[in-house]
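K.L.:
pasting a predicted model and its sequence here:
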Amino acid sequence: MPQPPSSGPFRVGLVYLYTGLTELLPLHAVYALLMTSHGVSTGELSVLFAVWTVTTFVCEVPSGALADRFPRHRVLAAAALAQCTGFALWTALPSLGSFAAGFVLWGAGTALTSGTLQSLLYDGLAAEGRAGQYARVSSRVAAVQACSVAASSLAATPLVLLGGYPATGWVSVLLTLLAVPTALGLGRRAPGPEPAAVPKPAHVPIPAPVPEPEPEPQGYLAVLRAGLAEAGGTPRVRSAVLLAAALTGLGVVDEYLPVLAREAGTPAAAVPLLLLLPWAAMAAGGFAGGRLAGAGDRLLAVLLGAGGAALAAGALTGRPAGFLGIAAFYWVLRLAQIVADTRLQHAISGPARATVTSVAGLGAQAVALAVFLTLGLAARWASAAVLVALTAVPVLLLAVRLALRPDPAHHVPPPQPDEPPPSARTGAVERHP
């Protein structure tokens, strides 16, 4: 739908800030301990995790269509507010019912963010002729995310020592609350210079412009159908969706890393420090992904093959030093995720960008669920080291698939400098829905 003219460039800095505020959550490192301290059993905790997963899964695609139908910055604000409300419930009214409601709100917030942030970022840059900068900016967003998660893990320990679990909760509530006005700020542009007036001869009559009729905005169901049709019916888009879903879903093996660290003999107090290795590697991989966004399938195959081998070898060493191999895998994985997301955003040409991106998010949830179920069954007979090493199998299979049957070349514009073009600084048109 048409948008009012803007007087300045798209505020990329607010995207970084929003990402940091919604990922820097000390409560995330200790919420399971908070719940068990209030009488939640291991079985009930598993049910709560299931509620969280199912909520995200069910809301993924519908929330994407919502972001294509309504202003995306408001959808992101609603996501942060839902997350904030859930954390407030956990902290102020800790009980099984509040924990379940909080997981529903957190899952809905995750679904509202998935696809929306990428689409707002791409369309905001493309409206100013800066679509070629998407890979670079997206890689920085990924680095901010990884660094924020690592920082939240480090901050959790002193907060618990100073104020117990409620301290981590209220700090997380405050940060997510600050993300609400940050998201709303994405709907406004930074002030910029007014475009120079073009002198017109006084003696030439200028006919009054005839305003073009505004197109009727598409309804929610029409947007949803358009997004699903493009995701499944356009070969280039479908290929990018499947690749992005597979790479994102395989990243859930990090849930087993704390157990692997303890199994390798790492003292409990040193586990958070050891886990900084893969998180730092993810941040570095995000930056590398911005530089290699145009990589072809064969290069991705080589990188994924090496990364999968490093994951298996690192897990099976049975020593803390093996986390160097695991870190190498996460460097490759984050790089490949940036490449896949960049391909997807440049491949989408229809009016339902957030919906298509959410389809990839739904696929990632399905892959993650398959990984959890497989490893959960294997856990009866295998150690954590074997479980993590097993995750290398689908990674290596994906590498073989990309090497043997590479897709046609994907059009990814060459990187552009960070400075927006003059036309963007003097009157670009905002294009978020």
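P.N.:
Great, that's in hand. This is a predicted model, so every value here is computed, not measured.
K.L.:
where do the helices sit along the stretch 251-400 of the chain?
P.N.:
Using DSSP state H, counting those that start in this stretch, the helices of the stretch 251-400 of the chain run over residues 257-263, 271-291, 297-316, 323-347, 353-378, 384-390, 392-404.
K.L.:
report the central residue of the chain.
P.N.:
S114 (6.1 Å; CA atoms, centre = their mean).
K.L.:
so it touches E60, yeah?
P.N.:
Yes - contact criterion CB atoms under 8 Å: S114 and E60 qualify, at 6.2 Å. C-beta here means a position set from N, CA and C on the backbone, and glycine is covered the same way.
K.L.:
overlap in contacts of those two?
P.N.:
Jointly contacting S114 and E60 under the rule CB atoms under 8 Å, 6 or more residues apart in numbering are S358, G361.
K.L.:
related to what we said a few turns ago, which ones are touching the closest residue to the residue nearest to the centre of the chain other than its chain neighbours?
P.N.:
Closest residue to S114 apart from its sequence neighbours, by CB to CB, 6 or more residues apart in numbering: G361 at 4.1 Å. If a contact means CB under 8 Å, 6+ apart, then G361 has E60, G64, A111, S114, G115, A245, T248 as its contacts.
K.L.:
dump those residues to a markdown table, plus secondary structure and pLDDT.
P.N.:
Compiled in a markdown table, these are given as follows (DSSP: H, G, I helix; E, B strand; the rest coil; pLDDT from 0 to 100):
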| residue | secondary structure | pLDDT |
| --- | --- | --- |
| E60 | helix | 90 |
| G64 | helix | 91 |
| A111 | helix | 93 |
| S114 | coil | 89 |
| G115 | coil | 89 |
| A245 | helix | 93 |
| T248 | helix | 91 |
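K.L.:
top of these by neighbour count?
P.N.:
Among these, G64 has the most neighbours (other CB atoms under 10 Å), with 33 neighbours.
K.L.:
just after the helix or strand harbouring V144, pick out the following helix or strand.
P.N.:
Using DSSP states H and E, V144 sits in helix 134-185. Sequence-wise, the next helix or strand downstream of helix 134-185 (DSSP H and E) is helix 220-233.
K.L.:
neighbouring contacts of that following helix?
P.N.:
With contact meaning CB under 8 Å, 6+ apart, helix 220-233 is reached by 61-62, 64-66, 68-69, 218, 237-238, 241, 348-356, 358-360.
K.L.:
so for that helix, what gets flagged as buried?
P.N.:
Of the residues in helix 220-233, V223, L224, A226, G227, L228, E230, A231 count as buried by neighbour count, 16 or more other CB atoms under 10 Å.
K.L.:
got CSV for the residues you listed, with distance to A151 and pLDDT too?
P.N.:
Below are those laid out as CSV (distance: CB to CB, whole Å; pLDDT from 0 to 100):
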residue, distance to A151, pLDDT
V223, 37, 84
L224, 37, 84
A226, 39, 84
G227, 35, 85
L228, 38, 88
E230, 37, 86
A231, 35, 87
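K.L.:
export these to TSV and tack on distance to G305?
P.N.:
Listed next are the buried residues of helix 220-233 as TSV, based on distance: CB to CB, whole Å:
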residue	distance to G305
V223	39
L224	38
A226	37
G227	33
L228	33
E230	31
A231	28
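K.L.:
between these, which sits nearest G289?
P.N.:
Nearest to G289 among the buried residues of helix 220-233, counting by CB to CB, is A231 at 22.2 Å.
K.L.:
distance of the closest residue in space to that closest one that isn't next to it in sequence from A245?
P.N.:
Nearest non-adjacent residue to A231, counting by CB to CB, 6+ apart: V359, 4.1 Å away. Distance of V359 to A245, given as CB to CB, to the nearest Å: 8 Å.
K.L.:
one more: V356?
P.N.:
Counting by CB to CB, the gap from V356 to A245 is 12 Å.
K.L.:
cool, F372 as well?
P.N.:
Using CB to CB, F372 is found at 15 Å from A245.
K.L.:
count the neighbours of the residue nearest to A379 when sequence neighbours are not counted for me.
P.N.:
What sits nearest to A379 in space, not counting adjacent residues and going by CB to CB, 6+ apart, is L387, at 6.2 Å. Other residues near L387 come to 20 when the count uses other CB under 10 Å.
K.L.:
check the burial of the nearest residue to A328 once chain neighbours are set aside by counting its neighbours.
P.N.:
Spatial nearest neighbour of A328, chain neighbours left out: A310 (4.1 Å); criterion: CB to CB, 6+ apart. The number of residues packed near A310 is 22, by other CB under 10 Å.
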